[in-house]
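A.B. asks: 3D model of this:
(chains A, B, C and D)
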2 protein chains.
Amino acid sequence: MTHMAQASDRSATRWERRGQQVRSHRTQDAILDAAEELFARRGVETTAVTDVAAASGRSIGSIYHHFTNKETLVAAVVDRLLDDLETSVATAIDPSRWQAQDIRGVARAYVGNSLRLDERRPGFKRIIVEVSLVDAATRERYHRLRRRLDDGITALLLERRTEIGHPEPELAARFCVDQLTAMLTARLDSEMTPTQLEAAPDEAFVRHAVESVAGHLRLASAGS
Amino acid sequence: MTHMAQASDRSATRWERRGQQVRSHRTQDAILDAAEELFARRGVETTAVTDVAAASGRSIGSIYHHFTNKETLVAAVVDRLLDDLETSVATAIDPSRWQAQDIRGVARAYVGNSLRLDERRPGFKRIIVEVSLVDAATRERYHRLRRRLDDGITALLLERRTEIGHPEPELAARFCVDQLTAMLTARLDSEMTPTQLEAAPDEAFVRHAVESVAGHLRLASAGS
DNA sequence: ATTATCTATAGATCTATAGATAATGC
DNA sequence: ATTATCTATAGATCTATAGATAATGC
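C.D. replies: Sure thing, here's the model as predicted:
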């Protein structure tokens, strides 16, 4: 049984000491989960390693066995967050995935996915902001991802330029993506800057955002 | 001379020990200035009272003479920030100040003033956000100010409803203010979320924002 | 035999205070 | 005489390590 590769098992037969590795992996996940939750809620610098230990049900010694120091632990949490974002971005801007959709569909999917990422990883922004202040590499990786996302969405809009009634499609598309980003930033930040739509459910916000896009680009009214 | 009230002197003659008070006041200002700068750059919780002492050229003992504990010092910095915002808001929404202006003028002034406040007090948002996380009173005072500002600007727009071509002026005005807030939030946050306009100078951003307002409300084109 | 985990604690900060010294104004 | 300032330091955290104990797989 130890020599049989199981379908749902990521670990290959060539791995040795699989039990230890599984155990180790589980602990690391528990530590990272607890750390992410605490970092998001109370800040990175403000969270003590002892807090992470307590929240993950492990001891300090165990944490320092898996992570050489607090900096490494923080980096691991951040990497996991940015890996998640990277995956989201890749699917968001993949043209083949959206072939059947018109501009409204693309906008709807973009805004909806952004809201869902925030739901899956609450405090994502807070952690990235705090770490970015002291770590240039994190800041740059995040910026690259954001730019790739913006450029990708703009490209998806311009692939559908027959729908666009605006006389300068390039300019209008860029402006539009900026506006969507601004609306999303404001909504995800609404804990701090209240908006009229703040109380509205996600669904209404998405509809609102899509109509804003339609207005800017001067799409044919109604649609799908 | 001690009994003559001086025109430019806030202290009245009934005050005693004026020299000491002036000295004391100067020290408190120096401490608050240093604290605000450090809090904005490196975070509130992350800044040690010793750091504030060093940056203000005073000793720890002196700081604890003027402020009973770190919490009080933080509260004093936050109060100063919010007082400043309160003054800005009051002039921003004062109808008598904008009588000569049309909607474009009001929008231009609003956006310009917001940018200028951020320049005068860089890191304003960062400090308020961090403190708001642990202090409900600060969060609520900030929220009240933001709402008063939004409502006030909306009212200024609606006082000029003859300019508005949109069939539903109320709705359009609210939406418009939300959109401006979103654009401002995004720009002031552009260190984190890059935008197309990020590199553009303030002047261009203001023009852009005003044109966005004009478009939404369907103002007569051109204008002042 | 190796890897994972725990307990206990050294060493580095950081907050806050006590007590001495200096400046100000009666 | 009162208020402002400083130096020195106690006590509370927090990071990181050392060394003992438990689990895993040869």
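A.B. asks: Close to DNA strand C: what parts of chain A are there?
C.D. replies: A:17, A:20-21, A:23-24, A:26-27, A:57-62, A:65-66 (Cβ under 7 Å from any atom of the strand). Backbone N, C-alpha and C define where each C-beta goes, glycine included.
A.B. asks: Considering only those residues, which also neighbour DNA strand D?
C.D. replies: Contacts with DNA strand D within the residues of chain A next to DNA strand C, as defined by Cβ under 7 Å from any atom of the strand: A:17, A:20, A:23, A:60-61.
A.B. asks: tell me the least confident of those residues?
C.D. replies: Ranked by pLDDT, these bottom out at residue A:17, which scores 53.
A.B. asks: where does chain A dip in pLDDT?
C.D. replies: Per-residue confidence for chain A (pLDDT under 70) gives these ranges: A:1-19, A:222-224.
A.B. asks: Please, where are all the helices along chain A?
C.D. replies: Secondary structure of chain A by DSSP state H: the helices cover A:18-42, A:49-56, A:60-66, A:70-92, A:103-120, A:124-134, A:136-158, A:169-188, A:202-217.
A.B. asks: deepest of these, which one?
C.D. replies: Counting by mean count of other Cβ atoms under 10 Å in any protein chain shown, helix A:169-188 has the highest mean neighbour count of those, with a mean of 21.
A.B. asks: does chain B sit close to that helix?
C.D. replies: Yes: counting by Cβ under 8 Å from any Cβ of the partner chain, contacts between helix A:169-188 and chain B involve A:174-175, A:177-179, A:181-183, A:185-186.
A.B. asks: ok, so of these, who is nearest residue A:130?
C.D. replies: residue A:185 (16.8 Å; Cβ to Cβ).
A.B. asks: residues contacting the closest residue to the closest one other than its chain neighbours?
C.D. replies: Nearest in space to residue A:185, with sequence neighbours left out and distances taken as Cβ to Cβ, 6 or more residues apart in numbering or on different chains, is residue B:186 at 4.9 Å. Applying Cβ atoms under 8 Å, 6 or more residues apart in numbering or on different chains to residue B:186 gives the contacts A:178, A:181-182, A:185-186, B:193, B:195.
A.B. asks: Could you measure from residue B:186 over to residue A:193?
C.D. replies: To residue A:193, residue B:186 is 11 Å away according to Cβ to Cβ, to the nearest Å.
A.B. asks: just to revisit the earlier point, for the residues of helix A:169-188 next to chain B, which one is nearest DNA strand C?
C.D. replies: The closest of these to DNA strand C turns out to be residue A:185 (Cβ to the nearest atom of the strand; 31.2 Å).
A.B. asks: Spit out the contact partners of that closest one.
C.D. replies: Contacts for residue A:185 were tallied using Cβ under 8 Å, 6+ apart; they are B:182, B:185-186, B:189, B:193.
A.B. asks: again, but for residue A:101
C.D. replies: By Cβ under 8 Å, 6+ apart, the residues touching residue A:101 are residue A:109.
A.B. asks: how many other residues sit next to the nearest residue to residue A:198 once chain neighbours are set aside?
C.D. replies: Distances taken as Cβ to Cβ, 6+ apart put residue A:190 closest to residue A:198, at 4.4 Å, once the chain neighbours are dropped. Close neighbours of residue A:190, defined as other Cβ atoms under 10 Å in any protein chain shown, add up to 15.
A.B. asks: before we move on, could you check phi and psi at residue A:190?
C.D. replies: phi -70, psi -20 (degrees, to the nearest 10).
A.B. asks: Repeat that for residue A:58.
C.D. replies: In terms of degrees, to the nearest 10, the main-chain angles of residue A:58 are phi -120, psi 180.
A.B. asks: I figured it hits residue A:30, correct?
C.D. replies: Yes: using Cβ atoms under 8 Å, residue A:58 makes contact with residue A:30 at a distance of 6.7 Å.
A.B. asks: Which residues are in contact with each of those two?
C.D. replies: Contact criterion Cβ under 8 Å, 6+ apart; residues shared by residue A:58 and residue A:30: none found.
A.B. asks: near chain B, which residues of chain A?
C.D. replies: Residues of chain A lying near chain B (Cβ under 8 Å from any Cβ): A:42-43, A:45-46, A:125, A:128-130, A:132-133, A:142-143, A:146-147, A:150, A:174-175, A:177-179, A:181-183, A:185-186, A:189, A:192-197, A:212.
A.B. asks: Pull up the gap between the residue nearest to residue A:206 when sequence neighbours are not counted and chain B, please.
C.D. replies: The shortest distance from residue A:206 to any residue other than its chain neighbours is 5.0 Å, reached at residue A:111 (Cβ to Cβ, 6+ apart). Separation of residue A:111 from chain B (Cβ to the nearest Cβ, to the nearest Å) stands at 13 Å.
A.B. asks: which residues sit in contact with residue A:111?
C.D. replies: Under the criterion of Cβ under 8 Å, 6+ apart, the neighbours of residue A:111 are A:180, A:183-184, A:205-206, A:209-210.
A.B. asks: just residue A:184 next, same as before
C.D. replies: Residue A:184 neighbours (Cβ under 8 Å, 6+ apart): A:111, A:114-115, A:209.
A.B. asks: how about these in TSV, adding distance to residue A:220?
C.D. replies: Converted to TSV, the contacts of residue A:184 look like this (distance: Cβ to Cβ, whole Å):
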residue	distance to residue A:220
A:111	20
A:114	26
A:115	26
A:209	18
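A.B. asks: Could you check how far the nearest residue to residue A:157 once chain neighbours are set aside is from DNA strand C?
C.D. replies: Excluding the flanking residues, the one nearest residue A:157 by Cβ to Cβ, 6+ apart is residue A:173, at 4.4 Å. Residue A:173 sits 48 Å away from DNA strand C, going by Cβ to the nearest atom of the strand, to the nearest Å.
A.B. asks: ok now do residue A:173, which residues does it touch?
C.D. replies: Contact partners of residue A:173, counting by Cβ under 8 Å, 6+ apart, are A:154, A:157-158, A:164, A:217.
A.B. asks: any idea which of the residues you listed is closest to DNA strand D?
C.D. replies: residue A:154 (41.4 Å).
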